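# The sequence isn't on hand, but the structure is:
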């Protein structure tokens, strides 16, 4: 005859070995059922992914919110998806422009759906499924063969935001996760968090990929403050770089110590003093060609404009 302890042990073993559920709500179950039905009758992937961002909090009244504030958040989200998609593809540096091949695959398109007490924005990948995956269907389909870059980017992004939103967040773990993805993701994530803080928003981010569990994460204003603080406090968005060109300005007293004409797309670059000593600056002469080792840190204004702040670490004179 089975004992109560034996039944409890059996129940725990069954629950422990059971696969994780693929759905959390009735809507999730209905979506997965319909998508499975369609997939069984199609050759290759035909269904599109979609996402939602629901705004609540002090910045929302009824289903209305400040257009500039919402636009700033959505612009920051697009930049964050671009950066995360690039990191998924192995592009983690924050310097230079993202390849067009990545930006085209992570571009989102938007529609809006108001709900009482909130503002719900619905979006999906702009690129068509066949445009990214092609028309050829492999003989054996791997689980990742029919995943869009946007799907993989949102999977990674939701996981990252979930760590930042934990009730008892471990700053070291979150910082390590952000650092692993590179300074471009760190900068974009800070911009997104700052946009939520300025707008007074709490957001519920949802991503629905065909035949996969719905991914969800809630980011409160307090979460956003913490995320931004960790990134800024640990300089996770900084990156070493070098600036080479003609030295056209020198100052010991001003905040900007060096002005360099790069003769290229960078144009004229202003460099803060950083770690340079007086003796380093006194040894320089305008008209010299120099290479300056710097630390770059992006800054995004309230209007959404991005600029790069450069701090000097070392100067090498290439020619007088």
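Thanks, I have the structure now. Keep in mind the model is a prediction, meaning the values are calculated, not measured.
# Tell me the helix or strand right after the lowest-mean-pLDDT helix or strand in the chain.
Confidence across the helices and strands of the chain bottoms out at helix 26-40, with a mean of 51, counting by mean pLDDT, DSSP states H and E. Where DSSP states H and E defines the elements, the next helix or strand beyond helix 26-40 is strand 50-56.
# Just the pLDDT at the nearest residue to residue 218 once chain neighbours are set aside, thanks.
Of all residues not flanking residue 218 in the chain, residue 204 sits nearest, at 5.1 Å (Cβ to Cβ, 6 or more residues apart in numbering). Just so you know, the C-beta spots here come from the backbone N, C-alpha and C atoms, and that holds for glycine as well. Looking at residue 204, its pLDDT is 96.
# Cross-check the contact I'm expecting between residue 204 and residue 214.
No - if you go by Cβ atoms under 8 Å, residue 204 and residue 214 don't touch, sitting 11.5 Å apart.
# the more surrounded of the two?
Taking other Cβ atoms under 10 Å, residue 204 and residue 214 do not tie; residue 214 has more neighbours (19 against 15).
# if I look at the more buried one, how far off is residue 315?
53 Å (Cβ to Cβ, to the nearest Å).
# Could I get the full set of strands for this protein?
Under the criterion DSSP state E, the chain contains strands at 50-56, 60-61, 64-65, 108-115, 118-125, 202-208, 215-219, 239-250, 256-261, 268-272, 289-300, 306-319.
# Using a markdown table, lay out those strands together with distance to residue 88.
As requested, the strands of the chain are exported to a markdown table (distance: least, Cβ to Cβ, whole Å):
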| stretch | distance to residue 88 |
| --- | --- |
| strand 50-56 | 16 |
| strand 60-61 | 31 |
| strand 64-65 | 31 |
| strand 108-115 | 16 |
| strand 118-125 | 14 |
| strand 202-208 | 14 |
| strand 215-219 | 15 |
| strand 239-250 | 19 |
| strand 256-261 | 34 |
| strand 268-272 | 31 |
| strand 289-300 | 20 |
| strand 306-319 | 22 |
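# Sketch out the low-pLDDT regions of the chain for me.
1-8, 10-46, 112-117, 133-145, 167-169, 302-304 (pLDDT under 70).
# residue nearest the centroid of it?
By Cα atoms, centre = their mean, the chain has its centre lying nearest to residue 80, at 2.9 Å.
# Give the closest residue to that residue in space, chain neighbours not counted.
Here the residue nearest residue 80, using Cβ to Cβ, 6+ apart, is residue 188, at 4.2 Å.
# ok, now which ones touch that neighbour?
76, 79, 80, 82, 83, 84 (Cβ atoms under 8 Å, 6 or more residues apart in numbering).
# With distance to residue 282 added, can I get these in a markdown table?
Listed next are the contacts of residue 188 as a markdown table, based on distance: Cβ to Cβ, whole Å:
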| residue | distance to residue 282 |
| --- | --- |
| 76 | 43 |
| 79 | 41 |
| 80 | 43 |
| 82 | 43 |
| 83 | 40 |
| 84 | 45 |
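# Nearest to residue 301 among the residues you listed?
The closest of the contacts of residue 188 to residue 301 turns out to be residue 76 (Cβ to Cβ; 12.3 Å).
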